[in-house]
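Engineer: sequence below, structure please.
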Amino acid sequence: MTSHVWHPFTQHGLNEPIPHVARAQGALLHLADGGTLIDAISSWWVTTHGHCHPRIAAAIAAQAGQLDQLIFAGYTHDPAETVARGLIDLAPRGEGQPELRHVFYSDSGSTAVEVALKMALGYWHNLALDGLATEESGGPRSRILVLEHSYHGDTIGAMSIGERGVYNAAWQPLLFDVGTIPFPAPGRERACLDALDAACARKPAAFIVEPLILGAGGMLIYSADILREMAAICRRHGVLFIADEVMTGWGRTGTLFACEQAGVVPDIMAVAKGITGGAIPLAATLATAPIFDAHRSTDRARLFYHSSSYTANAIACAAAVANLAIWREKDVLGRIVALTQGIATRLERLARHPAFANPRQLGTIAAIDLVAADAGYLSDLAPRLRAFFLGHGLLLRPLGNTIYLMPPYCLDEDQLDHIFTAIAAAGDHFGE
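Structural biologist: Here you go, the predicted structure:
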C-alpha cells in the first residue's frame, strides 16, 4: 500500500524500511507483521515509565470524556493548575537563588525553548521601556549566547541557537546571529569559562545550555562543576541563565532535573518530552518572579505575546498530572539507579571491544563511538547500523558513528543484555 507520509529526519531516497508499529507496552514495540522491537531510545527520549502506562492511559481516557480542549488565553482548568503547582514543587532549588515560580505551557521542546528566548528578550525589552538595563546604544539587550555543538530544536529560534551545519543549512537566511561559547571538553574547561566570562561582560541578554550533556550534538558530557560555574558567571554579570531540560529532565541524568546536580536554579527552564511520561505532547517553560514581573503591567501592550491553539490542552495536562503522581508515589529514582548500574556494568565490558572508543554515561544515558574513518553525523555507518539493529529487534538510532541508548525505566535485565549483545555484534560486524 502506498504511503503518503513524509517522515521527519528520514531520507526517503534511500528506500530504507519503515517498520509499522501496531501497539506498544512497556519497553516493547509490537509490529504489524508480528515482530517486536525493544525501544532502547524511548521513542526519541520521551517515554519514561514505559509505553501505555496504565495510570497515564486511564487519566487520558477519563479527561477526554470531561474536558478535551479549552482556550487558555484568560481561562484555566484543574489539570493545568495541578501540573503547574507540581512543576514548581519539583523545580530545582538553590540557596540564595530566586525560585522558579511561574509556568507557561506550550506543546513541544522546540516551542518551550522559543518561549524561553521570547521571555528573556521580553524581559530586557520591558526593562528598557522603563529606562533600565539598556545597552550602550540605548536599546534593550538582545544577544543570545549558546554552547558549541548544542541542539535546541527545529523551529527558527531554536535552530538559531543550535549548532550550524547540516541540520539547518537550508534555512541559514532565516537564522539570527548568536555568540558561541566553546564546549568544555576535557582540557578546555578553562577556555570555555573564560570565553563565557568575556562574552557576558559585553552584556548579552541570556546564555542557554543543555545542562550536563548535549544530546543531538553527540551525547557530549561535561561536569556539574562547570555547569555551576557557568551559572555563577551569568549571575555576576546580570545575564539570564536558561536551562534547556527538554531531554535532560525527568530523571535521564540520574536526578529529576540535571540542574539539581550543580545546585543551580536557572532564571528560565524549558521542559517537555517526559512531562507526560511520553504519552502525549506537552511542554512548559518555567520562569522566576523577575521574568514574570517584567511582563506584568496595567499596559496591555506589555503582555507576553505568545500562544498556540492547544496551549495547556486539558487531556495532555491530565496525562502530566498522572505522571507527577507516579513520581511522587513510586520509587522512580530507585529504578533509575538500578538501570544506571546495569548500564554501567555492561558498558564497561563493551568498552574493551577494539571496535569501540570513548564510552560515556550520565545516568540512564550511555554512548560509545564505533571507530570509523568517516566519523560524524553523516557517517555512512548510521543507516547501516540502524538496519543492523532493526534486524536484531532493536530501535536504536545512532548519531552517525555514535551509538547511544536512553531506554525507558521499565527495561529489564534480559532486555538490557539483548541491547548490549547486539551492540557488541555490531562492533564485530562493522569494526575496522
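
Engineer: where does pLDDT dip in the chain?
Structural biologist: Along the chain, segments meeting pLDDT under 70 span 133-138.

Engineer: how is it divided into domains?
Structural biologist: 62-329, 331-405+415-427 (automatic domain parsing).

Engineer: what kind of secondary structure is residue 321 in?
Structural biologist: Under the three-state scheme (DSSP: H, G, I helix; E, B strand; the rest coil), residue 321 adopts helix.

Engineer: got the contact list for it?
Structural biologist: 59, 79, 82-83, 86 (CB atoms under 8 Å, 6 or more residues apart in numbering). Every C-beta, even on glycine, is put in place using the N, C-alpha and C of the backbone.

Engineer: TSV for those residues, including distance to residue 28, neighbour count and secondary structure?
Structural biologist: Compiled in TSV, those are given as follows (distance: CB to CB, whole Å; neighbours: other CB atoms under 10 Å; DSSP: H, G, I helix; E, B strand; the rest coil):
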residue	distance to residue 28	neighbour count	secondary structure
59	22	24	helix
79	29	24	helix
82	31	16	helix
83	28	25	helix
86	29	19	helix
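
Engineer: tell me the two of these that are most distant?
Structural biologist: Pairwise distances across the contacts of residue 321 peak at 13.3 Å for 59 and 86 (criterion: CB to CB).

Engineer: make JSON lines out of the domains of the chain and add distance to residue 11.
Structural biologist: Shown next, in JSON lines, are the domains of the chain (distance: least, CB to CB, whole Å):
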{"stretch": "domain 62-329", "distance to residue 11": "11"}
{"stretch": "domain 331-405+415-427", "distance to residue 11": "8"}
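
Engineer: for residue 41, which of the ones you listed is the nearest?
Structural biologist: Among those, the nearest to residue 41 by CB to CB is domain 331-405+415-427 (5.8 Å).

Engineer: centre of the chain versus that closest one, how much separation?
Structural biologist: Centre-to-centre, domain 331-405+415-427 and its host chain are 19 Å apart (CA atoms, centre = their mean, to the nearest Å).

Engineer: need the distance between the two termini of it.
Structural biologist: For domain 331-405+415-427, the first-to-last residue distance is 35 Å (CA to CA, to the nearest Å).

Engineer: what's the nearest residue to the residue sitting nearest the centre point of the chain if we skip its chain neighbours?
Structural biologist: Nearest to the geometric centre of the chain sits residue 247, at 2.1 Å (CA atoms, centre = their mean). Closest residue to residue 247 apart from its sequence neighbours, by CB to CB, 6 or more residues apart in numbering: residue 215 at 4.5 Å.

Engineer: re earlier: ok, which of the domains of the chain comes nearest residue 27?
Structural biologist: Comparison of the domains of the chain against residue 27 by CB to CB identifies domain 331-405+415-427 as nearest, at 5.7 Å.

Engineer: assign residue 62 to helix, strand or coil.
Structural biologist: Per three-state DSSP, residue 62 ends up helix.

Engineer: any idea how far residue 395 is from the residue lying closest to residue 230 once chain neighbours are set aside?
Structural biologist: Distances taken as CB to CB, 6+ apart place residue 196 nearest to residue 230, at 6.1 Å, with adjacent residues excluded. Separation of residue 196 from residue 395 (CB to CB, to the nearest Å): 37 Å.

Engineer: so for those two, which residue has more residues nearby?
Structural biologist: Per other CB atoms under 10 Å, whichever of residue 196 and residue 395 has more neighbours is residue 196, with 25 against 22.

Engineer: hang on, that one packs against residue 183?
Structural biologist: No: Residue 196 is not in contact with residue 183 according to CB atoms under 8 Å; the separation is 11.3 Å.

Engineer: after the longest helix anywhere in the chain, which helix or strand is next?
Structural biologist: Longest helix in the chain by number of residues, with DSSP state H as the criterion: helix 109-129. Using DSSP states H and E, the next helix or strand after helix 109-129 towards the C-terminus is strand 144-147.

Engineer: pull out the buried positions in the following helix or strand past that next one.
Structural biologist: Downstream of strand 144-147, the first helix or strand assigned by DSSP H and E is helix 156-160. Neighbour counts over helix 156-160 (16 or more other CB atoms under 10 Å) mark 157-160 as buried.

Engineer: residues contacting the nearest residue to residue 371 once chain neighbours are set aside?
Structural biologist: What sits nearest to residue 371 in space, not counting adjacent residues and going by CB to CB, 6+ apart, is residue 357, at 5.4 Å. Neighbouring residues of residue 357 by CB under 8 Å, 6+ apart: 368-369, 371.

Engineer: helices of the stretch 201-350 of the chain, start to end?
Structural biologist: For the stretch 201-350 of the chain, applying DSSP state H, counting those that start in this stretch gives helices covering 224-237, 289-295, 314-329, 332-350.

Engineer: OK, contacts around the nearest residue to residue 431 once chain neighbours are set aside?
Structural biologist: For residue 431, the nearest residue in space outside its immediate sequence neighbours is residue 355; the separation is 2.8 Å by CB to CB, 6+ apart. Counting by CB under 8 Å, 6+ apart, residue 355 touches 370-371, 427-428, 430-432.

Engineer: pick out the most distant pair among these.
Structural biologist: Farthest pair in these (CB to CB) is 371 and 428. Separation: 12.8 Å.

Engineer: so which of the two has more stuff around it?
Structural biologist: residue 371 (16 against 10).

Engineer: wait, doesn't the more buried one sit right on residue 426?
Structural biologist: No: shown here, residue 371 and residue 426 do not form a contact pair, counting by CB under 8 Å, at 11.8 Å.

Engineer: just how off-centre is stretch 248-260 within its chain?
Structural biologist: 10 Å.

Engineer: do stretch 101-111 as well
Structural biologist: With CA atoms, centre = their mean, you get 12 Å for stretch 101-111.

Engineer: and for stretch 171-187?
Structural biologist: For stretch 171-187, the distance to the chain centre is 18 Å (CA atoms, centre = their mean).

Engineer: neighbouring contacts of it?
Structural biologist: Outside stretch 171-187, the residues that reach it (CB under 8 Å, 6+ apart) are 143-149, 156-157, 159-161, 164, 168, 188, 191-193, 195-196, 199, 204, 207, 214, 220, 222-223, 226.
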